[in-house]
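Asks: Predicted model follows, preceded by the sequence.
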Amino acid sequence: MRVPILKLHNYLLVSIQIELDDQTAMQFQEDLLSKIHETGATGVVIDLTSVEVVDSFIAKVFGDVVSMAGLMGAKVVFTGIQPAVSMTLIELGIYLKEVPTALDLEQGIIKLRQELEEK
Amino acid sequence: MKETVSSVVIKKEWDIVGARQAGRQLSQELGFGSVDQARIATAISELARNIYLYAKEGEITFEELYDLPKVGLKIIAKDKGPGINDLSAVMEDGYSTSGGLGAGLPGVKRLMDEFDLVSDEEGTKVTTIKWARP
Ligand SMILES: Nc1ncnc2c1ncn2[C@@H]1O[C@H](COP(=O)(O)OP(=O)(O)OP(=O)(O)O)[C@@H](O)[C@H]1O
Ligand SMILES: [Mg+2]
């Protein structure tokens, strides 16, 4: 199974609606990077509203996605992280300090626009 | 004190997802709240992945605990893999032999209420319990 990646102007929009096993998570990482390369997108919003479990592996993939996309000139924002997921991550000892977040898709796009304009 | 026992074999990568879904389902049935369900599913994911990565195969067993009025879920992750070399180091955050975050085992201990780890050359067994808040 693959995570669909949509293009909107110079942004990519992703809503993760499927259960992420390790394979799917790695595939997503790869797909997203090629899509950034292909489209020259400068911002990416990844919505996690439907994601119920983020364990250490998936957290690492998300952190890597941010760094890798950053190297390619694209800013990533995560949105819609469920309260239970954020609590669980902190208890696991994962702080994802480098990962920008926003409440929902709309806020995510606003945040991207602000950060990209500041440059 | 009737206990119901079920188990999931961990052999393929997808079994990690299967195990955490089974555990989440059970925890929901037992009346755990949504945050505890996420804690339990995440802990199972960590334990199942450790089996898959380091021991290749093993089993996760679930036991429903009825110590009325308390209700709990016991999770046993067992494998016949090589065992853990440095038992004191693995409970420190950030210790990993595989380039992981090393959050797995210390994280599971924080997510759950009770935690026990036994490991030698014959394999590894992690027993952990979460109690539902009534
Ligand atoms: N079932 C097991 N059999 C053998 N060794 C294990 C087992 N579980 C854990 N280990 C060892 O303990 C170390 C720490 O495990 P832990 O789950 O805390 O971190 P990790 O798996 O390395 O990284 P993370 O879980 O954050 O991705 C592992 O790197 C591995 O060497
Ligand atoms: Mg681990």
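Replies: On my side now, so go ahead. Ligands and ions are numbered 1, 2, ... in the order given.
Asks: So residue B:82: helix, strand or coil?
Replies: Three-state assignment for residue B:82 (DSSP: H, G, I helix; E, B strand; the rest coil): coil.
Asks: okay, now it: neighbour count?
Replies: Using other CB atoms under 10 Å in any protein chain shown, residue B:82 has 15 other residues around it. To be clear about C-beta, it is placed using only N, CA and C from the backbone, and glycine gets the same treatment.
Asks: gap between it and ligand 2?
Replies: 15 Å (CB to the ion, to the nearest Å).
Asks: Then residue B:33?
Replies: Counting by CB to the ion - residue B:33 and ligand 2 are separated by 25 Å.
Asks: is it true that that residue touches residue B:133?
Replies: Yes - proximity of residue B:33 to residue B:133 meets the contact threshold set by CB atoms under 8 Å, at 7.1 Å.
Asks: neighbours around the residue in chain A that ligand 1 sits nearest to, how many?
Replies: Among all residues of chain A, residue A:56 sits closest to ligand 1, at 3.6 Å; criterion: CB to the nearest ligand atom. Per other CB under 10 Å, the neighbour tally for residue A:56 reads 23.
Asks: Could you verify my assumption that it touches residue B:100?
Replies: Yes - applying CB under 8 Å, one finds residue A:56 in contact with residue B:100, separated by 6.3 Å.
Asks: residue contacts, residue A:83?
Replies: The contact partners of residue A:83, by CB atoms under 8 Å, 6 or more residues apart in numbering or on different chains, come to residue B:35.
Asks: Need the per-residue pLDDT for it.
Replies: Predicted confidence (pLDDT) for residue A:83: 95.
Asks: still on that earlier bit, which phi and psi does the residue of chain A closest to ligand 1 have?
Replies: Main-chain torsions, residue A:56, degrees, to the nearest 10: phi -60, psi -30.
Asks: pretty sure residue B:85 is in a strand, no?
Replies: No - per three-state DSSP, residue B:85 lies outside any strand segment and is coil.
Asks: what about the helices in chain B?
Replies: B:14-29, B:34-50, B:87-90, B:104-111 (DSSP state H).
Asks: how about these, which one is nearest residue A:19?
Replies: With CB to CB as the criterion, residue A:19 lies closest to helix B:14-29 of the helices of chain B, at 5.5 Å.
Asks: Please identify the deepest-packed of the helices of chain B.
Replies: helix B:34-50 (a mean of 25; mean count of other CB atoms under 10 Å in any protein chain shown).
Asks: between that one and helix B:104-111, how big is the angle?
Replies: Helix B:34-50 and helix B:104-111 are oriented at 160 degrees to each other (axes from the mean of the first three to the mean of the last three CA atoms, to 10 degrees).
Asks: Which positions in chain A make contact with chain B?
Replies: Residues of chain A lying close to chain B (CB under 8 Å from any CB of the partner chain) are A:19, A:21-23, A:52-57, A:59-60, A:82-85, A:87-88, A:91-94.
Asks: Could you list the residues of chain A in contact with ligand 1?
Replies: For chain A, the residues in contact with ligand 1 (CB under 6 Å from any ligand atom) are A:56, A:57.
Asks: Point out where chain B drops to low pLDDT.
Replies: B:1-2 (pLDDT under 70).
Asks: quick one: low-confidence parts of chain A?
Replies: Looking at chain A by pLDDT under 70, you get A:119.
Asks: Determine the longest helix present in it.
Replies: Longest helix in chain A, counting residues (DSSP H): helix A:22-39.
Asks: what's that helix packed up against?
Replies: Packing contacts for helix A:22-39, counted by 3 or more CB pairs under 8 Å, 6 or more residues apart in numbering or on different chains; DSSP states H and E, involve strand A:5-8, strand A:11-15, helix A:56-71.
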